[in-house]
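> I'd like to go over a predicted model; first the sequence, then the structure.
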Protein chains: 2
Amino acid sequence: MVPVTVRRQARGERRMAELQDAAAAVFAEVGYEAATTNAIAARAGVSPGTLYQFYANKEAIAQALADRYLEQLREAHGSLTPEHADLPLDDLIDRMADPMVAVNVANPGFKALFGRPDMPEKLAIPTRNVHAAVFGRLDAVFAARCPDLDAVQRGRTVMVTMQLFGGLIPMIVAAAPDDRPALVVELKKVLRGYLAPMLGAGGI
Amino acid sequence: MVPVTVRRQARGERRMAELQDAAAAVFAEVGYEAATTNAIAARAGVSPGTLYQFYANKEAIAQALADRYLEQLREAHGSLTPEHADLPLDDLIDRMADPMVAVNVANPGFKALFGRPDMPEKLAIPTRNVHAAVFGRLDAVFAARCPDLDAVQRGRTVMVTMQLFGGLIPMIVAAAPDDRPALVVELKKVLRGYLAPMLGAGGI
DNA sequence: TGAAAATACGAGTGATCGCTCGTGTTTGTC
DNA sequence: GACAAACACGAGCGATCACTCGTATTTTCA
């Protein structure tokens, strides 16, 4: 029952968004594997059959969610381009960290989709897209800031930087809202301590 | 079919170890959720019924594995105590990082058991034990090194340090063996960059 | 207005998987 | 050698869950 091409009505578009919201909520609560498609449909106030009217299978919903996340990240990172490479390191770190934290806090469901050690292969594809997009951005900025750094070491640095986010952001998201600012400060300390020797003072 | 007290024979002890090995292998390959008890039994060259002769359920095997991990970590961290608090920071970092990396590389199955965002509640218990053990060790060392640091900030520092391991070690384990040394260097750069301002030069 | 397309329903199906149980085999003890 | 306890087997039970399908309703558009 996978409609190859369907002329969606406005109602259909709305349902798809509602189903994505429901999926995000359920994923956030019980994780991806334990989330049942029937629970997602129920959460959206819809029958199981209706869910499958719009999404071919469970993975397809997760992919839609991952794409939405990618979009949000792209927007949020709009102020992080090679042109900003000469800003003081603290500013650069703010422009990396703050949107990342904001998007993750606003979308608790996504922690269930990313950074999982064991993911169905199909889900790994949108995950890699997000990864690649972030990697590309950081790599471009680092390259602009340090043209002399060789590509291999730069790649390692970008990879490690991304893993630092991957390691610390779940902690920040899981923390009580009152505790988050202090943890964000720690995140930035980590980034500054790691990046300062390589990216130098830059700008100022 | 849960034997409350059983006089294990040598054969039984051997089987239990074989089942733990098989579980570690299967967990490493497909992750915890996707691992079937029948697959674990088959991997150990044993029938499903035999598996349940020794372990009450799937969680119980995971717990046994987690306990084994905790034991290995304890041994590996033997040279990290408050008495070593005055060593140069680089030495201290070596004593934290090297055993951590070694144990994780030697036990690829455990990455499926720890650092998961969504874990069955029962499995969270041995996970917390490991967490608490590592936390206690680091906290004691940091406290000995910086008696003036207030407990709240020290706790945050320990927590962040642990998350740094949690974020970077999977990357190191997943990397080709030839690439690992360079990544361990990066891990230590991260730790040094973050901890140096707080833990100071110490010792030397 | 009427028919086609899109949306919606929800009981049901097939497959999977954790776990059991009746039965047979090996090991330890007297 | 005899008896009990531990070990081992593997077909299959019960529950869960992704997904289907026949049918009913709403929307679109000529």
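Looks like it came in fine.

> any residues touching the lowest-mean-pLDDT helix or strand in chain A, and which ones?
Every helix and strand in chain A was compared by mean pLDDT, DSSP states H and E; the lowest is helix A:121-145, with a mean of 86. Residues from elsewhere that reach helix A:121-145 (Cβ atoms under 8 Å, 6 or more residues apart in numbering or on different chains): A:32, A:59, A:62-63, A:66-67, A:69-70, A:73-74, A:77, A:80-86, A:92, A:96, A:113-114, A:119, A:149, A:154-155, A:157-159, A:161-162, A:199-200, A:202. C-betas here are computed from N, CA, C, even on glycine.

> Filter these down to the buried ones.
Buried subset of those (neighbour count, 16 or more other Cβ atoms under 10 Å in any protein chain shown): A:32, A:59, A:62-63, A:66, A:69-70, A:73, A:77, A:80, A:85, A:92, A:96, A:113-114, A:119, A:154, A:157-159, A:161-162, A:199, A:202.

> quick one: buried residues of the least confident helix or strand of chain A?
For helix A:121-145, burial by neighbour count (16+ other Cβ under 10 Å) applies to A:123, A:126-127, A:130-131, A:134-135, A:137-139, A:141-142, A:145.

> Repeat that for stretch A:42-54.
Here stretch A:42-54 shows A:Arg43, A:Ala44, A:Val46, A:Leu51, A:Tyr52, A:Gln53, A:Phe54 as buried, counting by 16+ other Cβ under 10 Å.

> between those, which is closest to chain B?
Taking Cβ to the nearest Cβ as the measure, chain B sits nearest to A:Arg43 out of the buried residues of stretch A:42-54, at 16.8 Å.

> SS state for the residue positioned nearest the centre of chain A?
Nearest residue to the geometric centre of chain A (Cα atoms, centre = their mean): A:Tyr69, 5.5 Å. Under the three-state scheme (DSSP: H, G, I helix; E, B strand; the rest coil), A:Tyr69 adopts helix.

> Equivalent analysis for A:Leu149, please.
Quick answer, by three-state DSSP: A:Leu149 is coil.

> Contacts only, for it.
Residues in contact with A:Leu149 (Cβ under 8 Å, 6+ apart) are A:Phe142, A:Ala143, A:Thr157, A:Met198.

> which secondary structure element contains A:Gln63?
Using DSSP states H and E, A:Gln63 sits in helix A:58-76.

> Off-centre distance for the strand or helix carrying A:Val103?
Using DSSP H and E, A:Val103 maps to helix A:89-106. In terms of Cα atoms, centre = their mean, to the nearest Å, the centre of helix A:89-106 is set 12 Å apart from its chain centre.

> list the buried ones in that helix?
Of all the residues in helix A:89-106, those buried under the rule 16+ other Cβ under 10 Å are A:89, A:92-101, A:103-104.

> need these in JSON lines with pLDDT and distance to A:Phe27, can you?
Formatted as JSON lines, the buried residues of helix A:89-106 follow (pLDDT from 0 to 100; distance: Cβ to Cβ, whole Å):
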{"residue": "A:Leu89", "pLDDT": "96", "distance to A:Phe27": "35"}
{"residue": "A:Leu92", "pLDDT": "96", "distance to A:Phe27": "32"}
{"residue": "A:Ile93", "pLDDT": "97", "distance to A:Phe27": "29"}
{"residue": "A:Asp94", "pLDDT": "97", "distance to A:Phe27": "29"}
{"residue": "A:Arg95", "pLDDT": "96", "distance to A:Phe27": "28"}
{"residue": "A:Met96", "pLDDT": "96", "distance to A:Phe27": "25"}
{"residue": "A:Ala97", "pLDDT": "97", "distance to A:Phe27": "24"}
{"residue": "A:Asp98", "pLDDT": "97", "distance to A:Phe27": "24"}
{"residue": "A:Pro99", "pLDDT": "95", "distance to A:Phe27": "21"}
{"residue": "A:Met100", "pLDDT": "95", "distance to A:Phe27": "19"}
{"residue": "A:Val101", "pLDDT": "97", "distance to A:Phe27": "19"}
{"residue": "A:Val103", "pLDDT": "95", "distance to A:Phe27": "16"}
{"residue": "A:Asn104", "pLDDT": "95", "distance to A:Phe27": "14"}
